[in-house]
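Asker: below are the sequence and a predicted model; questions follow.
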There are 2 protein chains.
Amino acid sequence: MEKNSFFQQGTMQMLSEGLLDGTITLKELMIHGDTGIGTGEGIDGELIILNGKGFKVNHKGEGIPLENAFKITFADVHFENYEKIDNVSSIELSKCLEEIKKRIVGTNIFFSVKIHGRFEVIHTRSSKKSNKPYPGIEKIANNQVEFYSKDVTGTLLSYYSPSLYQGITVAGFHSHFISDDYTVGGHVIFSKIKHASVYLQKFASFTQNTPIQNIDYLNADLSDISKLDNIIKNVE
Amino acid sequence: MEKNSFFQQGTMQMLSEGLLDGTITLKELMIHGDTGIGTGEGIDGELIILNGKGFKVNHKGEGIPLENAFKITFADVHFENYEKIDNVSSIELSKCLEEIKKRIVGTNIFFSVKIHGRFEVIHTRSSKKSNKPYPGIEKIANNQVEFYSKDVTGTLLSYYSPSLYQGITVAGFHSHFISDDYTVGGHVIFSKIKHASVYLQKFASFTQNTPIQNIDYLNADLSDISKLDNIIKNVE
């Protein structure tokens, strides 16, 4: 089990081009990690995997435990080996993440941040599963639902990628959340932390897996990355 | 040993920005494959690894066996599991590679091609090692030497990457050559094949390793990829 490596199924560019088939099961994915984030087939919710257990935050904002056979379109996973680096209080998430970035020399290292504690505000979104033939990704963005919660205890999991990897990964931070009681969660849009413990894990390498058995993937034109920034902002 | 995966040390963007330290030894690299191509510290020649043995084609065009401790800046390696797909004769390399591409569904699969046989013409290049502080990569391009040979028996090894990965890998084909008697080789610019066997190996995934112990890598600004196409064409 590599502790300084993460595994990615699919790419952001695939989502951008509407390639939404589930191409790996939760069980297969977890060979490569016990911790992670992702999305199900047809953008079926926002996923978070903690301590080897997968949850989907559905379009009602509820956390649902996932079956082993649950199909996943895109995910980042790794084996947890975080180092506790800080306690924080009364800080916006974006500022907290920027502070963590300052502890990293340069901007060329992949890393993951885990934040557990009390969140004063947590603004998230999720999406209802779309069925095949999938609507364009812009329509899927319209299917998204946002959730605003206050005073929630839970875990935020984030992956940071250097800018060179935009389109393959999400350049910068990509964060999902779930509350300890699984009633609140999703892709994180905004948050203010009340008080929390902050954990960091750096990676030296990552493994990009591509679904070469998936005929839609094989035939797709993935060369135009001009739509990507918008998609990353609004869909994943 | 993963047979459908390849491993990459460093990125093309690192070479483009003059990050030329050797960050992995041949021995460490070969944990991840018995077959591959790359370059040594300071663009110290053009490397090829065949059957678990590494060679450097130096600036005189000669193939020199590598020591385990030889330091490598950039490399692609994998464990050989090729399938023989064709015999070819009297064909330009570029046309041969295009024909192989047509056998692959779409353009989104990473793969390697190995061609062994008689080469009517083989036009290659290599480079003399530069020492630290490294000159700009444009100056290194001026240090390169080209070699023109006729009627040579040898092995050409190529990696193909989808366009999305330009800057991380070389998008398209990236080919190195060495003759069976190790007297001719390097980065392949042009070739015409007399008669040869053609082998193909597809990959579902690749592992990108980054040198996070290297202070120059950590501090580099790798966000500008505008120079890349030129560098890839003229240096690696």
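Answerer: Thanks, I have the structure now.

Asker: next, the buried residues of stretch A:212-219.
Answerer: Of the residues in stretch A:212-219, A:212, A:214, A:216-218 count as buried by neighbour count, 16 or more other C-beta atoms under 10 Å in any protein chain shown. For the C-beta atoms, the positions are set from N, CA and C on the backbone; glycine is no exception.

Asker: now the two most distant members of those.
Answerer: The largest separation in those, counting by C-beta to C-beta, is between A:I212 and A:D216 at 11.6 Å.

Asker: output the helix or strand where A:H174 lies as CSV - backbone C-alpha positions only.
Answerer: A:H174 is part of strand A:172-179, with elements assigned from DSSP states H and E. Extracted as CSV, the C-alpha positions of strand A:172-179 are listed here (Å, rounded to 0.1, in the frame of the first residue of the first chain):
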residue,chain,number,x,y,z
GLY,A,172,-6.1,23.7,-7.0
PHE,A,173,-8.4,22.4,-4.2
HIS,A,174,-11.3,20.0,-4.7
SER,A,175,-13.3,19.5,-1.5
HIS,A,176,-16.2,17.3,-0.4
PHE,A,177,-17.9,17.2,3.0
ILE,A,178,-20.0,14.9,5.2
SER,A,179,-21.3,15.5,8.6
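
Asker: paired strands for the following helix or strand past it, with orientation please.
Answerer: Later in the chain than strand A:172-179, the nearest helix or strand by DSSP H and E is strand A:185-203. Using DSSP bridges, strand A:185-203 pairs in its sheet with strand A:83-92 (antiparallel), strand A:110-127 (antiparallel), strand A:172-179 (antiparallel).

Asker: of the buried residues of stretch A:212-219, which belong to helices?
Answerer: If you go by DSSP state H, the buried residues of stretch A:212-219 have A:216-218 in helices.

Asker: pull up the residues of chain A that are close to chain B.
Answerer: A:5, A:11, A:13, A:105-110, A:162-165, A:167-168, A:202, A:204-212, A:215, A:217-223, A:225 (C-beta under 8 Å from any C-beta of the partner chain).

Asker: just checking, A:I122 touches A:I189?
Answerer: No. Using C-beta atoms under 8 Å as the test, A:I122 is too far from A:I189 to be in contact (9.1 Å).

Asker: out of these two, which sits in the more crowded spot?
Answerer: Higher neighbour count among A:I122 and A:I189: A:I122, with 25 against 16, using other C-beta atoms under 10 Å in any protein chain shown.

Asker: identify the bridge partners of that one.
Answerer: The residues that A:I122 bridges to, once DSSP bridges is applied, are A:S149, A:S191.

Asker: ignoring the adjacent residues along the chain, who's closest to the residue nearest the centre of chain A?
Answerer: Centrality entry for chain A: nearest residue to the mean C-alpha point is A:I37, 3.7 Å, by C-alpha atoms, centre = their mean. In this structure, A:I37 finds its nearest non-sequential neighbour in A:H176, 4.1 Å apart by C-beta to C-beta, 6 or more residues apart in numbering or on different chains.

Asker: isn't that neighbour up against A:G45?
Answerer: No. A:H176 is beyond contact range of A:G45, at 10.2 Å (criterion: C-beta under 8 Å).

Asker: shared neighbours of the two, anything?
Answerer: Shared contacts of A:H176 and A:G45 (C-beta atoms under 8 Å, 6 or more residues apart in numbering or on different chains): A:57, A:186.

Asker: poorly predicted segments of chain A, please.
Answerer: Low-confidence segments of chain A (pLDDT under 70): A:1, A:227, A:229-236.

Asker: if you set the cut-off to 90 instead, what comes out?
Answerer: Within chain A, the stretches with pLDDT under 90 are A:1-3, A:16, A:135-143, A:166-167, A:170, A:223-236.

Asker: what sits up against the longest helix along chain A?
Answerer: The single longest helix within chain A, with elements called by DSSP H, is helix A:93-103. Contact with helix A:93-103 is made by A:85-86, A:88, A:91, A:107, A:113, A:115, A:156, A:158, A:160, A:173, A:175, A:188, A:190-193, A:198, A:200, as judged by C-beta under 8 Å, 6+ apart.

Asker: cutoff 7 Å now
Answerer: By C-beta atoms under 7 Å, 6 or more residues apart in numbering or on different chains, the residues outside helix A:93-103 that reach it are A:85, A:88, A:113, A:158, A:173, A:188, A:190-193, A:198, A:200.

Asker: distance check, A:V57 against chain B.
Answerer: 27 Å (C-beta to the nearest C-beta, to the nearest Å).

Asker: residues contacting that residue?
Answerer: Taking C-beta under 7 Å, 6+ apart as the criterion, A:V57 is in contact with A:45-46, A:63, A:126, A:178, A:185-186.

Asker: mind listing the residues bridging to it?
Answerer: Beta-bridge pairing for A:V57 (DSSP bridges): A:E46, A:G63.

Asker: burial of A:L19, as a residue count?
Answerer: With other C-beta under 10 Å as criterion, A:L19 counts 23.

Asker: need the contacts of A:V57 in CSV with neighbour count, can you?
Answerer: Listed next are the contacts of A:V57 as CSV, based on neighbours: other C-beta atoms under 10 Å in any protein chain shown:
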residue, neighbour count
A:G45, 28
A:E46, 29
A:G63, 24
A:S126, 26
A:I178, 26
A:G185, 30
A:G186, 30
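
Asker: what is the nearest of these to A:K56?
Answerer: A:G45 (3.9 Å).

Asker: isn't that closest one right up against A:K56?
Answerer: Yes. With contact defined as C-beta atoms under 7 Å, A:G45 reaches A:K56; the gap is 3.9 Å.

Asker: returning to that earlier point: now, which of the buried residues of stretch A:212-219 sits nearest chain B?
Answerer: Proximity of those to chain B (C-beta to the nearest C-beta) peaks at A:L218, which lies at 4.0 Å.

Asker: distance check, the closest one against A:A171.
Answerer: Taking C-beta to C-beta, to the nearest Å as the measure, A:L218 falls 26 Å from A:A171.

Asker: do A:P135 as well
Answerer: Distance from A:P135 to A:A171, by C-beta to C-beta: 26 Å.

Asker: repeat that for A:I104.
Answerer: 15 Å.

Asker: same question for A:F55.
Answerer: Per C-beta to C-beta, A:F55 is found 26 Å from A:A171.

Asker: also A:I48?
Answerer: 21 Å.

Asker: the more surrounded of the two?
Answerer: A:I48 (28 against 20).

Asker: the more buried one contacts A:L157, doesn't it?
Answerer: Yes. Counting by C-beta under 7 Å, A:I48 does reach A:L157; the two are 5.9 Å apart.

Asker: what sits in contact with each of the two?
Answerer: Shared contacts of A:I48 and A:L157 (C-beta under 7 Å, 6+ apart): A:37, A:176.

Asker: does A:L164 sit in a helix, a strand or a coil?
Answerer: helix (DSSP: H, G, I helix; E, B strand; the rest coil).
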